[in-house]
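In: requesting a structural model of the entry that follows:
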Amino acid sequence: MTDRAQSLDYPLDEFKRDLNRCVDLVVERYRTMHEANAHPGIPEDTVRRWFDEPLPEGAMDPDELLDVVDDTVMAHPTMNLGTKMFAYVMSGGNQISVMGDLLASALNQNPAKWHLAPSMTEIERRVIAWTAQFIGLDVNVGGAIVSGGSAANLTGLTVARNLFAEEQHVRTNGLFGLAPLIVYGSAQTHASVDKSVELLGLGGDNFRKLPVTVDFTIDCAALVRQIAADRENGFTPFCLIGNAGTVNTGAIDPLTELAAIARDEGLWFHVDGAYGGLAAALASRKPLYAGLELADSVALDYHKWLYQPFEIGCTLVRDWESLKRTFHRSAEYLDYGAREERFDVSAHHFVLSRNAKAFKVWMSFKAYGAEKLREMIEKDIATADYLASLIRKSEDFELVSAGPLAIVCFRYLGKAAATDEAVDEINARLLAALERDGRIFITGTKLEGRQVIRACVINHRIANEDADYLLEVIRELGVVSAS
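Out: Okay, the predicted model is just below:
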């Protein structure tokens, strides 16, 4: 008889005790999240010392281990759960998905092959259909669940490259012998596209970053001229990227016009909706997304505006067959000998081994319903509008950009008139001071060469009073930074 003691399992009563301790740690974080500092403000070398130890050779009691976890990890996070987090476009997650992650980890399902995870495979297909329906696309689209927006853009561009150059047998021959394939997007396009064109062997110099207009959307006239110039110079235009919400300002490119240019020029039309694409579900914003349904591929990010814990994103394409033509490879060790045709995710995806990411999204749709999720996105946008209105009315702040979504870019001016260069320096110092202070967490960016503070409202817990507090703290520290 096998000695089951010779495993890594603890007795179930001990396992339950330790799980309950974990629950207590989580609940404590939720209990204090609104009062806690948004940033721990602990020096890097201090945090490094906490974990600077040799490889453990002996065992540690789980309860003692959880004491260490509590002291070094749970007690000092960057609190993107809470209401003082305005940095980057990341949400605070939701409680149903916390449960989903726990259950998915416990079952340890890999939805690569249908027979490895029958329920999780079908849930993944259903989540992709629901996502398409949520943003107004055909529910019969194909999709790949990935780690986030960057992977979603890489996946979309991989499909674009492999299908565009399919007749040239790009999957077997590579890009050798082909004229350079050119990708187009605005100068506000996410940096993951730069990385994607490099990883795909297209070359960073072959990504044409077009200028933007006053509202930070792509200049379509400049785009048409660039495509013509590239053709004249012997290049092969092949992919056009439209932004459905840039991470700098939330700008939404004119997608219908871009789709028409892509159609006329024979280009693949990819839409980066990693930040803003899910807001297409809102009736109030729907007109801004006209043309999204014309895309050949769309990148989305659930850990933004579906309030999911990290990590999960999605690439939608017109049909499942496009994904299969891009990624499918036969392997003897994956052939289970079944005669009936089964849907295997691995035939439509680059990654073989991965967790059941879609489960928490399925649980969220089921628990909250699409209507409630739309209400939360709408509330975030309204809170950002409120913040922008406060800045417009103030004398010590300057509103630089307030796009159609929930990103507000502004500068602290102080009370004394100053040059642009001096204001840039004040705001750079202010951002560093705010991180050290820790009460709120906010970062900056550059717009038209100017240093700005960038507030992102993408958390279902944030309300107008948190926008008031944000400006209150910035004013307090701004006085010091301006002196």
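In: so what's the gap between stretch 197-213 and the chain middle?
Out: With C-alpha atoms, centre = their mean, to the nearest Å as the basis, stretch 197-213 stands 20 Å off its chain's centre.
In: okay, how far is it across it, tip to tip?
Out: 24 Å (C-alpha to C-alpha, to the nearest Å).
In: just use 200 as the starting number from now, easier for me
Out: Understood, numbering begins at 200; the last thing we discussed is stretch 396-412.
In: and the contacts of it?
Out: Contacts to stretch 396-412, defined as C-beta atoms under 8 Å, 6 or more residues apart in numbering, come from residues 353, 356-357, 360, 373-374, 379-388, 392-393, 417-418, 421-422, 425, 429, 434, 450. For glycine as for every other residue, the C-beta is placed from the backbone atoms N, C-alpha and C.
In: what about the longest helix in the chain?
Out: helix 557-592 (DSSP state H).
In: that helix packs against which elements?
Out: helix 294-306, helix 317-333, helix 501-504, strand 596-601, strand 606-611, helix 663-681 (3 or more C-beta pairs under 8 Å, 6 or more residues apart in numbering; DSSP states H and E).
In: try it again at 10 Å.
Out: Where contact means 3 or more C-beta pairs under 10 Å, 6 or more residues apart in numbering; DSSP states H and E, helix 557-592 is packed against helix 294-306, helix 317-333, strand 341-345, helix 501-504, strand 596-601, strand 606-611, strand 649-655, helix 663-681.
In: any idea of the angle that helix forms with strand 596-601?
Out: 140 degrees (axes from the mean of the first three to the mean of the last three C-alpha atoms, to 10 degrees).
In: how far does helix 557-592 sit from its chain's centre?
Out: Counting by C-alpha atoms, centre = their mean, helix 557-592 comes out at 15 Å from the chain centroid.
In: next, the angle from that helix to helix 294-306.
Out: 150 degrees.
In: buried residues in helix 557-592?
Out: For helix 557-592, burial by neighbour count (16 or more other C-beta atoms under 10 Å) applies to 557-564, 567, 572-573, 575-580, 582-587, 589-590.
In: which of the contacts of stretch 396-412 count as buried?
Out: Judged by 16+ other C-beta under 10 Å, buried ones among these: 353, 356-357, 360, 374, 379-385, 387-388, 392-393, 417, 421-422, 425, 429, 434, 450.
In: what mean pLDDT does stretch 571-585 get?
Out: Per-region confidence: stretch 571-585 scores 98 on mean pLDDT.
In: next: stretch 520-537.
Out: Rounded mean pLDDT across stretch 520-537 is 85.
In: so what's R220 up against?
Out: 261-262, 264-266, 268-269 (C-beta atoms under 10 Å, 6 or more residues apart in numbering).
In: so which of the buried ones among the contacts of stretch 396-412 are in strands?
Out: Mapping the buried ones among the contacts of stretch 396-412 onto strands (DSSP state E) picks out 380-385.
In: adding distance to T525, write the residues you listed out as TSV.
Out: Shown next, in TSV, are these (distance: C-beta to C-beta, whole Å):
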residue	distance to T525
L380	15
I381	20
V382	17
Y383	21
G384	21
S385	26
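In: now distance to I606 and pLDDT too, for those residues, in TSV please.
Out: Listed next are these as TSV, based on distance: C-beta to C-beta, whole Å; pLDDT from 0 to 100:
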residue	distance to I606	pLDDT
L380	32	98
I381	29	98
V382	24	98
Y383	23	98
G384	18	98
S385	16	98
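In: can you tell me which of those residues lies closest to K283?
Out: S385 (31.7 Å; C-beta to C-beta).
In: residues contacting the closest one?
Out: 407-412, 415-419, 421-422, 440-442, 445, 450, 452, 457.
In: from those residues, keep the buried residues only.
Out: 407-409, 411, 415-417, 419, 421-422, 440-442, 445, 450, 452, 457.
In: any stretches of this structure with poor pLDDT?
Out: For the chain, applying pLDDT under 70 flags the ranges 200-204, 535-539, 615-616.
In: one more time with 50, if that's ok
Out: 200 (pLDDT under 50).
In: Y474 and P603, how far apart?
Out: Plainly put, Y474 is 12 Å away from P603 if you go by C-beta to C-beta, to the nearest Å.
In: so for those two, which residue has more residues nearby?
Out: A count of neighbours by other C-beta atoms under 10 Å puts Y474 above the other of Y474 and P603, at 28 against 21.
In: surely the more buried one meets A605?
Out: Yes. The criterion here is C-beta atoms under 10 Å, and Y474 meets it with A605 at 9.4 Å.
In: where do the contact lists of these two overlap?
Out: By C-beta under 10 Å, 6+ apart, the residues touching both Y474 and A605 are 288, 444, 449, 504, 655, 657.
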